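**Student:** here's a sequence, model it:
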Amino acid sequence: MFAEAVTWDLTVSLINATVQLDQPQGDGTRTVGTGFLIDAPRADGTPRVVLVTAGHVVERMPRQDARIGWRVPLSDGNWRFTPSPLTIRDEEGEPLWTSHPDHDVAVMSIEAPDAFARAAIPIGWLADGYTFARFDVAPGDEMMSLGFPRGLSANRAGFPILRVGRIASYPLSPVVAFPTFLVDFTVFPGNSGGPVFMTGASRRRPGVPEPEHPFIAGVLTQQVEMDSERLGIGVVVHANYIRETIELLNQAEREAAEEDAAEVAAE
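**Tutor:** Numbering: from 1, shown residues only. Here you go, the predicted model:
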C-alpha cells in the first residue's frame, strides 16, 4: 500500500501524507488548497491525526463542508482518487479548525482512513525554534514542497506535485524575530498549505552539519507579488508555529472536555 523503506524517506512519506483540499463554490469554480497530516497524540496518549494547512485556505471556504482528497490503492497496483466530505464549520458557521493568532497556520483534528492515519508524519519531525540554527540552515540550501497548483495533481490518482527551490532570504533565526522565510520557487493558487521540508539528500554547502533526520521546515502560505507581478518566490511560515497551533488545539480540546465534564456533573 503506502511506500515503506528501511530508512524513512520523508519525501515519499510526505507525498503519502499530503492531500488536496477543495470546496466547490456553486458557480463552476472551486477553492483549492493543500494540507498535510501530522501524527499528534493527545496528552493521554490517545492517537490523533491533525490536518495542517494555511489559515487562509479554510477561511476562504464559506460552506460547512469541504472535500479532502483521499487516495485508495487497488489490488492491480492502480489507485483511485476518492474525495470525501470534510466538515470544517459547525451548523452555525463557526470554524472547527484552530488558527494561530499571528500567522497563516490552521490545524484541525480529523478522522482519517487507516492508511492515511499510518502515513501521518510524527510531530517530532516538525522543526522547532532552534532547528535552523542547530544545523546551520542558510540561504542557498535546498528545500522541497508539495502541493496542487491550480488544483492540478501529479496524476489521476490525486498525488501532489513536488517542487524544489533554494532558501532565498536571510537571516533565518531567531524564529521569533523572523517567523517566515523565502524559497525560490513559483507558487500558484492551490499550493498554499503544503509542507516545505529538507531531506538528507538536499544540496547544501560543504562542511555544514547534517540533521539526524529530515524535517518539515514550515508551511507554504503565499507567493511574493509586486504590482500584481509574480516574482517566483514563496513565503513559508516556520514549522515552530505549526507546533504552537497544535498546542492551541490541545488547549481547546482540554477546555471542551472540562466543560463537558462540568455539564455532566451538574445534571
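
**Student:** leaving out sequence neighbours, find the closest residue to Asp191.
**Tutor:** That one is not Asp; residue 191 is Asn. Gly147 (3.7 Å; Cβ to Cβ, 6 or more residues apart in numbering). All C-beta spots, glycine's among them, are computed from the backbone N, C-alpha and C.

**Student:** number of residues surrounding that neighbour?
**Tutor:** Here the number of neighbours of Gly147 (other Cβ atoms under 10 Å) works out to 29.

**Student:** just checking, it touches Val196?
**Tutor:** No. In this structure, Gly147 sits apart from Val196 without contact. The criterion is Cβ atoms under 8 Å, and the distance is 9.7 Å.

**Student:** shared neighbours of the two, which are they?
**Tutor:** Where contact means Cβ atoms under 8 Å, 6 or more residues apart in numbering, the residues bridging Gly147 and Val196 through contact with each are Leu220.

**Student:** now do the SS call for His103.
**Tutor:** Secondary structure, DSSP: H, G, I helix; E, B strand; the rest coil: His103 is coil.

**Student:** show me what contacts it?
**Tutor:** Residues counted as contacts of His103 (Cβ under 8 Å, 6+ apart) are Gly55, Pro179, Thr180, Val237, Tyr241.

**Student:** who's the residue nearest to Asn191 bridged to?
**Tutor:** Applying DSSP bridges to Gly147 yields these beta-bridge partners: Ile161.

**Student:** returning to what we had before: out of the contacts of His103, list just those in helices.
**Tutor:** Gly55, Tyr241 (DSSP state H).

**Student:** ok, of the contacts of His103, which one's closest to Val224?
**Tutor:** Distances from those to Val224 were compared by Cβ to Cβ; the smallest belongs to Thr180, at 10.6 Å.

**Student:** and Gly28, backbone torsions?
**Tutor:** Dihedral angles phi and psi of Gly28 (degrees, to the nearest 10) take the values phi 90, psi -10.

**Student:** what are the boundaries of the strands in the stretch 101-250 of the chain?
**Tutor:** Ranges of strands in the stretch 101-250 of the chain, per DSSP state E, counting those that start in this stretch, are 106-110, 121-122, 142-147, 161-166, 180-183, 195-198, 215-226, 229-238.

**Student:** for the last one, the distance to its chain's centre please.
**Tutor:** To tie it back to what came earlier, the one meant is strand 229-238. Strand 229-238 has its C-alpha centroid displaced from the chain centroid by 16 Å (Cα atoms, centre = their mean, to the nearest Å).

**Student:** contacts for that strand?
**Tutor:** Residues outside strand 229-238 that contact it (Cβ under 8 Å, 6+ apart) are 54, 103-105, 127, 129, 132, 143, 145, 165, 168, 175, 179-187, 191, 196, 217-225.

**Student:** low-scoring pLDDT stretches of the chain, where are they?
**Tutor:** Under the criterion pLDDT under 70, the flagged ranges of the chain are 1-8, 200-213, 267.
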